[in-house]
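*Asks:* here are the coordinates; sequence isn't available:
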């Protein structure tokens, strides 16, 4: 009777261990199943930070010292580059804002004429230049001359948003909300023509002379400008 009782107890323990093992396996599979549902959470930075076309302001601040009497070569080239951006854009007016009330207001008023002449010299008509002023503090940093124009540009939302705690939101193995925002902003800033995001540009006409030269070189023929002792091009390397 003792042996039978011992065998029954051992069988019962094996049944309990088997039931516990099945429960643990079920819990493990359940947790894996929960992790598999993370596909429903947007995890593409291009979806969270899309590049869109919107009306925005392009601006350039020109630092002016109270003793400046002319634009430096570097600042003049900077103004020239901004003027080229304006000319290539569909904007109609470029605004030149001169500070008033600051300790460098006199120098800024004098150099505003230099800025205007630089803009005109780079293809901007005088009637498209709007000279205005803005109030500046008499203390603090030197108030700049600000150039600006409004046009359609490629842009994304502002970066630096952290809606969730990174230490508590890592269980689904996905990247954080701000991930990719800086890259999207840099890409948007490098787009020269925002309309390229809508549709490709039309193809330009072929260069017949360039095409003929390439075909002649491919065939190993000399061009009409080569002399009798000229070198021919042979694709076989001979």
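*Replies:* Perfect, I can see it now. Nothing here was measured: the structure is a model prediction, and the numbers come from that model.
*Asks:* residues contacting residue 59?
*Replies:* 146, 147, 148 (Cβ atoms under 8 Å, 6 or more residues apart in numbering). Bear in mind the C-beta positions are built from the backbone N, C-alpha and C, glycine included.
*Asks:* nearest to residue 207, of these?
*Replies:* Using Cβ to Cβ, residue 147 is the member of those that lies nearest residue 207, at 37.3 Å.
*Asks:* just checking, the closest one is part of a strand?
*Replies:* Yes: assessed with DSSP: H, G, I helix; E, B strand; the rest coil, residue 147 lies in a strand.
*Asks:* got a list of what it touches?
*Replies:* 59, 60, 62, 79, 82, 94, 95, 96, 97, 115.
*Asks:* Apart from its neighbours in sequence, what residue is nearest it?
*Replies:* residue 60 (4.5 Å; Cβ to Cβ, 6 or more residues apart in numbering).
*Asks:* Only whichever of the contacts of residue 147 are buried, select them in ChimeraX.
*Replies:* To isolate the buried ones among the contacts of residue 147 in ChimeraX, judged by 16 or more other Cβ atoms under 10 Å, type:
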select :60,62,79,82,94,95,96,97,115
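*Asks:* in the helix or strand where the residue nearest to residue 147 lies, what counts as buried?
*Replies:* Element membership of residue 60 [criterion: DSSP states H and E] is strand 52-62. Of all the residues in strand 52-62, those buried under the rule 16+ other Cβ under 10 Å are 58, 60, 62.
*Asks:* would TSV of those residues with distance to residue 167 be doable?
*Replies:* Putting these into TSV (distance: Cβ to Cβ, whole Å) gives the following:
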residue	distance to residue 167
58	39
60	41
62	44
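*Asks:* Out of those, which is nearest to residue 192?
*Replies:* When the buried residues of strand 52-62 are ranked by distance to residue 192 (Cβ to Cβ), residue 58 comes first, at 12.3 Å.
*Asks:* Does the residue nearest to residue 147 touch residue 118 like I think?
*Replies:* No: counting by Cβ atoms under 8 Å, residue 60 does not reach residue 118; the two are 11.9 Å apart.
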